[in-house]
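# Predicted model and sequence follow; I will ask about them next.
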Amino acid sequence: MSDRGGDRAGVLLRKVFDVLMANPEGLLARDVIVRVEAELGLTEFERSFYPNTPGIRRFDKIIRFYTIASVKAAWLLKDKGRW
């Protein structure tokens, strides 16, 4: 499986929704990210940091980016850091 492929995006998004369906009151975004990471694990690429911004892990940004379409489709609500 490719580190950056669409298959992985689908797997990650599905797990985000699994976590949120188990917590209908919502969770802070950072808590969703931690739970997804714990349940799926990370690829080497996802564990890495951006070269120009050390300290910012790719996985955190990847998850947030993948959820944009779900927000625009109104499948996911985000409010003040809570999903």
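That came through, no problem.

# Spatially nearest residue to Lys15 (excluding sequence neighbours)?
What sits nearest to Lys15 in space, not counting adjacent residues and going by Cβ to Cβ, 6 or more residues apart in numbering, is Val36, at 4.8 Å. Heads up, the C-betas are built off the backbone N, CA and C, glycines and all.

# Neighbours of the one you found, how many?
Neighbours of Val36 under the rule other Cβ atoms under 10 Å: 21.

# Could you do Gly81 as well?
11.

# any idea of the pLDDT on it?
In this prediction, Gly81 carries a pLDDT score of 95.

# Not counting sequence-adjacent ones, nearest residue to Ile56?
Once flanking residues are discounted, Ile56 sits nearest to Tyr50: 5.2 Å by Cβ to Cβ, 6+ apart.

# May I have the beta-bridge partners of the one you found?
Thr53 (DSSP bridges).

# Could you measure from it over to Arg30?
18 Å (Cβ to Cβ, to the nearest Å).

# just Leu12 next, same as before
From Leu12 across to Arg30, the span is 15 Å (Cβ to Cβ).
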